[in-house]
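# coords please:
(4 chains)
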Amino acid sequence: MSKRITVRYFASFRERAGTETENLLIDAATTRDVFDRVRDRIGPTEPLGHCKVAVNDEMAGWDTHVRDGDTVLLFPPVAGG
Amino acid sequence: MSKRITVRYFASFRERAGTETENLLIDAATTRDVFDRVRDRIGPTEPLGHCKVAVNDEMAGWDTHVRDGDTVLLFPPVAGG
Amino acid sequence: MLRITRELIRPDALRAELTDPAAGAFAAFEGWIRNLNEGREVLRLEYEVYEPLAIKEGEKIIAEARSRWPILHAACVHRHGLLEIGECAVWVGVSSAHRDAAFHACRYIIDQVKVRLPIWKKEHYVDGQSGWVNCERCSEHADHRHIGGTFRPSSGTA
Amino acid sequence: MLRITRELIRPDALRAELTDPAAGAFAAFEGWIRNLNEGREVLRLEYEVYEPLAIKEGEKIIAEARSRWPILHAACVHRHGLLEIGECAVWVGVSSAHRDAAFHACRYIIDQVKVRLPIWKKEHYVDGQSGWVNCERCSEHADHRHIGGTFRPSSGTA
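Numbering: from 1, shown residues only, chains lettered A, B, ... in the order given. Next up is the predicted model:
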């Protein structure tokens, strides 16, 4: 069953996606599924383990389930400091 | 053979000696001997290993030899910071 | 307390916020923009911060430090925007009764901030090129570098 | 650089002396006068410093830190005279390319300064009494405390 997922891109992901936000209608159970779909669109990225993800402004894992209407934030490797 | 040794006292040692400097004419081969003579005068102190000594403004050990005319600085346990 | 700011970081004012009559020790760390990274001359750095989650995660890190060491006060401020060489990108300060706790908590906070906060930086080089800085941990794995030619390992501050 | 001063310590001015375009990290430590020591309420502390040897020994400690870690600049300033609660008794700052060296060198310098420099302090208590503070290491041996009733273990800052 397809879900409406809003994806927000940051830093290098945003540059490669060419947009900050997009609304996808996809078959996705987890954040990992969302990321896989995104990689089909923007090309290869750093390995999953180096990237981070949040759902509706809460840090999440790659096995976190997504629901219809969720906003998934995709973070390339962070480099604060 | 007796040596003229100038002893300088610091902090609690100075308070107990009642003076900052004194000139002693003593039989002393090492700084340890000087300290022993001083303890005869000012009473028991913290153990040798907790105190420090300098000769003529150079940090020294308790086996450092003293010569006629030397100035021996006696430091009670230090507590900087 | 974790703050994100576009203004210059003022260590003296921040330090004053951590004073306490019961504090005998204060440890601080600052990350400064340096002019060289991985052999390339850096002109300036551009920081991107996702503020809502950076603050949430930063507060969590500070709470963790508090639960691990007996500290009195701790704070961290991170810059956002365009920074020049020599500017302070991040400040961490911790006050405590004894110095061991202040040192350990300060180190813990900066280490965690660097790997957990949603913050990215793009280096602008003297030669006109630019590139996103890879994360500190990721850059330990040389095989994952330079995907697409725009990723740079290591970090602008240290 | 090690300095002894009777003036207030100004961390911001000292920090500015350690800046360097190649520095990505800066670690600092401050010892503050706290209001309680070993359960007794402290009013103020009186520091005595034998300056010629404190400077010599301090410079040696900083040189040792330099030889152990790849740091850029390091400095330490210690107060002398009468200090009130909350005042800074000692400041240590270290800048380096990477943070690990700055943290380690900063910790090394303060640890060594506390046990090697010819500096003593007398605590003045709220109840009117006063006593010399015993050295940090010595106070680990409870059997050597309170000789003559005037020695106090532990230290005013931490």
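# From here on, just use CA atoms for contacts and neighbour counts.
Will do.
# Contact partners for C:D12?
With contacts defined as C-alpha atoms under 8 Å, 6 or more residues apart in numbering or on different chains, the neighbours of C:D12 are D:P11, D:D12.
# now do C:E59
C:E59 touches C:M1, C:L2, counting by C-alpha under 8 Å, 6+ apart.
# which residues of chain C fall in helices?
In chain C, the segments counted as helices under DSSP state H are C:11-16, C:51-68, C:99-116.
# Could you dump those helices into CSV and include distance to A:H65 and mean pLDDT?
What follows is those, written out as CSV (distance: least, C-alpha to C-alpha, whole Å; pLDDT from 0 to 100):
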stretch, distance to A:H65, mean pLDDT
helix C:11-16, 41, 97
helix C:51-68, 19, 98
helix C:99-116, 21, 98
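# how far is stretch C:49-63 from where the chain is centred?
Mean C-alpha position of stretch C:49-63 versus that of the full chain (C-alpha atoms, centre = their mean, to the nearest Å) differs by 12 Å.
# list the buried ones in that stretch?
C:V49, C:Y50, C:E51, C:L53, C:A54, C:I55, C:E57, C:G58, C:E59, C:I61, C:I62 (16 or more other C-alpha atoms under 10 Å in any protein chain shown).
# what's the answer for stretch C:89-100, then?
Of the residues in stretch C:89-100, C:A89, C:V90, C:W91, C:V92, C:G93, C:V94, C:S95, C:S96, C:A97, C:H98, C:R99, C:D100 count as buried by neighbour count, 16+ other C-alpha under 10 Å.
# Run through the residues that contact the closest residue to chain B within chain A.
Proximity of chain A to chain B (C-alpha to the nearest C-alpha) peaks at A:G81, 29.8 Å away. Shown in contact with A:G81 (C-alpha under 8 Å, 6+ apart): C:G31, C:H78, C:A89, C:V90, C:I110, C:V113, C:K114, C:S155, C:G156, C:T157, C:A158.
# follow-up on the earlier one: please list which of the buried residues of stretch C:89-100 are also close to chain B.
Contacts with chain B are made by none of these, judged by C-alpha under 8 Å from any C-alpha of the partner chain.
# so which of the helices of chain C gets nearest C:N134?
Proximity to C:N134, assessed across those by C-alpha to C-alpha, is greatest for helix C:99-116 (10.7 Å).
# before we move on, the earlier item: I'd like the contacts of A:G81 written out as a markdown table, with distance to D:W132 added.
Listed next are the contacts of A:G81 as a markdown table, based on distance: C-alpha to C-alpha, whole Å:
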| residue | distance to D:W132 |
| --- | --- |
| C:G31 | 39 |
| C:H78 | 42 |
| C:A89 | 42 |
| C:V90 | 40 |
| C:I110 | 37 |
| C:V113 | 42 |
| C:K114 | 43 |
| C:S155 | 47 |
| C:G156 | 47 |
| C:T157 | 43 |
| C:A158 | 41 |
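# Give me the nearest residue to C:I85, chain neighbours excluded.
Distance criterion C-alpha to C-alpha, 6 or more residues apart in numbering or on different chains; nearest residue to C:I85, sequence neighbours excluded, is C:I33 at 4.8 Å.
# what's near enough to touch that neighbour?
C:44-45, C:83-89, C:156-157, D:21, D:23-24.
# at 6 Å instead, please
C:I85, C:G86, C:E87, C:G156, C:T157, D:G24 (C-alpha atoms under 6 Å, 6 or more residues apart in numbering or on different chains).
# In this structure the last one contacts C:A89, no?
No: if you go by C-alpha atoms under 6 Å, D:G24 and C:A89 don't touch, sitting 9.5 Å apart.
# what sits in contact with each of the two?
In contact with both D:G24 and C:A89: C:G31, C:W32, using C-alpha under 6 Å, 6+ apart.
# and the contacts of A:G81, which of them are in strands?
If you go by DSSP state E, these have C:G31, C:H78, C:A89, C:V90 in strands.
# Same list (the residues you listed) but as TSV, adding pLDDT and distance to B:D27.
Shown next, in TSV, are the ones in strands among the contacts of A:G81 (pLDDT from 0 to 100; distance: C-alpha to C-alpha, whole Å):
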residue	pLDDT	distance to B:D27
C:G31	98	59
C:H78	98	66
C:A89	98	64
C:V90	98	62
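# Just flag the most distant two among the residues you listed.
C:G31 and C:H78 (9.4 Å).
# who touches both of those two?
Shared contacts of C:G31 and C:H78, defined by C-alpha under 6 Å, 6+ apart, are found at C:A89, C:V90.
# Give me the most central residue, chain C.
For chain C, the residue nearest the mean C-alpha position is C:V90 (4.0 Å; C-alpha atoms, centre = their mean).
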